[in-house]
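1. Sharing a model that was predicted from the sequence below.
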Amino acid sequence: MPKINIDEICEPIEITVGGKTYKVEDIPPNTAKRMADLSKKDDYDESDTTPIVTILTELLGATTEDMAKLGIRKLGVTTKQLFTVINDEVEAKNVPKVEVKKSPK
C-alpha cells in the first residue's frame, strides 16, 4: 500500500533575510486568511509595508523592528519565495514519485 508522510512533505521552511535565519513550521489559517484578504484589496497601498511586516513577523517569529528594517524588495521576495515553496508542496512538486508494485499472484 502506498504511504504518504505529510510531515516529510511539509518540512519546516528555513528563510534567511536581514542577516537572520527563521523557520516557518506552518501557516495558521487565520494568518492565511488575512494574507488572502490583503491580496484582494483594490485600494492596497504598496508603499505601506505595515500589513506585510505584521504577517511576516507572525510567520517567521521575527521582531517587528527586524521586519520593518527590510526594504520593499526583500519583503516582497521573502513573501513570494515562501508561497512558491508552499505552492510546490500543495502541488506535490517536491514529493518523491511513488512506485506502486503489484504483488505476484
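-> Right, received. Where do you want to start?
2. quick one: secondary structure of the closest residue to residue 20 other than its chain neighbours?
-> Once flanking residues are discounted, residue 20 sits nearest to residue 66: 6.4 Å by C-beta to C-beta, 6 or more residues apart in numbering. No exception for glycine: its C-beta is placed from N, CA and C like everyone else's. For residue 66, the assignment made with DSSP: H, G, I helix; E, B strand; the rest coil gives helix.
3. what helix or strand does the residue nearest the centre of the chain sit in?
-> The centroid of the chain falls nearest to residue 82 when counting by C-alpha atoms, centre = their mean (3.5 Å). Using DSSP states H and E, residue 82 maps to helix 72-90.
4. List the buried residues for that helix?
-> For helix 72-90, the neighbour count (16 or more other C-beta atoms under 10 Å) marks 75, 78, 79, 82, 85, 86, 89 as buried.
5. of those, closest to residue 4?
-> If you rank the buried residues of helix 72-90 by distance to residue 4 using C-beta to C-beta, residue 89 comes first, at 12.2 Å.
6. show me the contacts for that closest one.
-> Residue 89 sits next to 9, 10 when contact means C-beta atoms under 8 Å, 6 or more residues apart in numbering.
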